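1. Show me the folded form of this:
(one chain, ligands or ions: 1)
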Amino acid sequence: MCGIVGYIGPKATLDVLIGGLRRLEYRGYDSAGVSVIGEDGRLETRKKAGKLANLVAEIEQHPLPASHIGIGHTRWATHGAATDGNAHPHLGGGDSKLALIHNGIIENFAELKAELLAAGTQFASETDTEVAAHLIAAAYEKSGNLEQAFASVVRRLHGAFTILIVHQDHPDVVLAARRNAPLVVGLGDGENFLGSDVAAFVEHTKRAISVGQDQIVTLRRGSVEIRTFDGAEVVPDEFTVDWDASAASRGGWSSFMAKEIADQPTAVADTLMGRLASDGSVQLSEIDGLSHDAIKSLQRIYIVACGTASYAGDIAKYAIEKWSRIPVQVELAHEFRYREPVLNEHTLVVAISQSGETADTLTATRYAAEQGAPVLAICNTQGATLARESDAVIYTHAGPEVAVASTKALTAQITAGYLLGLFLASVRGATPAAELRTIGLDLLKMPGRVAEVIKSSKNVEALGMAMSDAKSVLFLGRNVGFPVAMEGALKLKELAYIHAEGFAAGELKHGPIALIEEGQPVIVIVPSPRDADSLHPKVISNIQEIRARGAKVIAIAEEGDTQVAAYAEHVVHVPQSVSVLAAILTVIPLQVFALSLATALGRDVDQPRNLAKSVTVE
Ligand code: F6R
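-> Here you go, the predicted model:
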């Protein structure tokens, strides 16, 4: 949700800014803009609606001067349509010497705008952001002190914001403030950077600082100073980025999504690394903060997340409950927060988030912390707000995920959920240790099996391409197959923009079966037939019910399941596994299917319409 980059140093600023925006474009792609202070001392701005390429073309036509300080923005529109005028940076003051970029929403902008209008301020856009630019410029005109003016205004703003400014009279400093929206500093040698995330500057430096809540950064070539909104000095917490720029580049792949699907064996292997011993026993030293006594006294677990991450939570629920016998409830973070659930120190809240910056998830975990519940994050982004604010973190090691639609982060989250389930079960002694080790050993084999699924996905690709005229696709599953079905439907909706729904297979006859008509494609996640209490026969019955009404069935089934072929037009096989673990495998053909169908329709699979990655507003 809006990408922000700032730079001061000896390099060609425009190159740094455009390079950073290119890697942040997944956060928003409605419009983009940059402001630089040229070597001639003048502040210049270029901005353009549409993707970053439009801004680059604009700069080619109207070049910017050489400069060593600047800010850049890629927008996901909230207030005001995606137009040139509403694109950031916004200029402040009658002399337009101040340029400002913003990620988030200024909730009290109407009242602040009324104040400015009464004072005769002219507005050039419909955004909430522009009020901040004019207020800071006005405060600076009065005090002559830019830092003071900036601090006094950010203290007045309500809502979520990361704000960066540069001012023509101060070509040696970039100021930034952060409340409820992400901001990281990149530390260089004689140069420094700001970004919404480390992707903005990782090609230049791996040394980073995650800026805390309600803090202001004063960025100069040779120094980075961080203070609270009230002026207290902050000792920053430095970390080293554990991936390099090539991990966030597309390489030779047709899309980031295609690359990230192919990255999944590594994402799963890296998430398992150091956490499962060769005998299958689990070690999760990251959550040492939660004592064994505290784990033993847990009465309930709430998993909170949004979108695809919430399906990882649904899958984790089956595993955690089955193995540890702790009741688990999965809730969409935005629903959880505002129904004010009853929580206490015996309720563990597990928040799952790739970005660690999803506003809905953060609001839910802040509520949980206020109620005294321990919060455990499953997060993919080092230094993210969720990780900083949680009592313990299990990092997924999927590496940077650039495509808006989540793929490798999901399989890494599912993996982390299984690890957590095994760990809780072993501490509580709810399942015999030998049985847990057998499951652990099976989990260790998952990276190889994921690689096999990806290698054999050509037929799924062909199916996706052949079905590009489908008006609607339904997905069915039971047990862990149910959230997999919902994820398959979400991927298709967001990438191909066609109607898709995921249902619990058993629920169909309670209503949704009315949707089935001649030729309706239905993708069914079929459980393993090998378990004693297998749901396989029930799913086969569900398939028969829909086929009798004309459905065309594509089954995702385990290798060796010979029965299913008689009931499906197409069968996609995945390797055998412990049945609860199968979700890591069965979800992959659905990713490939959505990618190929959307590609056949000519959609932009990395940047689907209306979406942005990292949703930092509620
Ligand atoms: C869908 C997708 C989203 C995210 C959701 C949560 O493909 O990517 O549904 O899963 O917005 O994002 P994070 O995991 O960053 O909290």
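2. Can you report how many residues neighbour the closest residue to Glu401 other than its chain neighbours?
-> Excluding the flanking residues, the one nearest Glu401 by CB to CB, 6 or more residues apart in numbering is Ala409, at 4.7 Å. For the C-beta atoms, the positions are set from N, CA and C on the backbone; glycine is no exception. Neighbourhood size, Ala409 [other CB atoms under 10 Å]: 28.
3. In which helix or strand does Ala409 reside?
-> Here Ala409, judged by DSSP states H and E, is contained in helix 408-428.
4. roughly how far out does that helix sit from the chain middle?
-> Distance, stretch centre to chain centre, for helix 408-428: 19 Å (CA atoms, centre = their mean, to the nearest Å).
5. hang on, the earlier thing: now the residue nearest to Glu401: how far from the ligand?
-> Ala409 is 6 Å from the ligand, where distance means CB to the nearest ligand atom, to the nearest Å.
6. who's in contact with that residue?
-> Ala409 makes contacts with Ala267, Thr308, Ala309, Gln354, Asn380, Thr396, Ala398, Glu401, as judged by CB atoms under 8 Å, 6 or more residues apart in numbering.
7. Please name the residues that touch the second one.
-> Read it as Thr308. Applying CB under 8 Å, 6+ apart, the residues contacting Thr308 are Ala405, Ser406, Ala409, Leu410, Glu487, Leu490, Lys491.
8. From what I see, the fifth one and Leu410 are in contact.
-> This means Glu487. Yes: look at Glu487 against Leu410 with CB atoms under 8 Å: they come within range, at 7.0 Å.
9. so what sits against both of these two?
-> Taking CB under 8 Å, 6+ apart as the criterion, Glu487 and Leu410 both touch Thr308, Tyr311, Val587.
10. Would you map the helices across the stretch 251-400 of the chain?
-> 256-262, 264-272, 292-296, 307-324, 333-338, 359-370, 385-389 (DSSP state H, counting those that start in this stretch).
11. Just send those back as TSV, with distance to Val234 too.
-> Converted to TSV, the helices of the stretch 251-400 of the chain look like this (distance: least, CB to CB, whole Å):
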stretch	distance to Val234
helix 256-262	35
helix 264-272	32
helix 292-296	30
helix 307-324	30
helix 333-338	28
helix 359-370	20
helix 385-389	13
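12. Output those helices in JSON lines; the columns should cover mean pLDDT.
-> Shown next, in JSON lines, are the helices of the stretch 251-400 of the chain (pLDDT from 0 to 100):
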{"stretch": "helix 256-262", "mean pLDDT": "96"}
{"stretch": "helix 264-272", "mean pLDDT": "96"}
{"stretch": "helix 292-296", "mean pLDDT": "93"}
{"stretch": "helix 307-324", "mean pLDDT": "98"}
{"stretch": "helix 333-338", "mean pLDDT": "95"}
{"stretch": "helix 359-370", "mean pLDDT": "97"}
{"stretch": "helix 385-389", "mean pLDDT": "93"}
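13. so how many other residues sit close to Gly372?
-> By other CB under 10 Å, the residues close to Gly372 number 11.
14. For it, give its distance to the ligand.
-> On the measure of CB to the nearest ligand atom, Gly372 and the ligand end up 24 Å apart.
15. can you pull the contacts of Asp270?
-> Asp270 neighbours (CB under 8 Å, 6+ apart): His397, Ala398, Gly399, Ala412.
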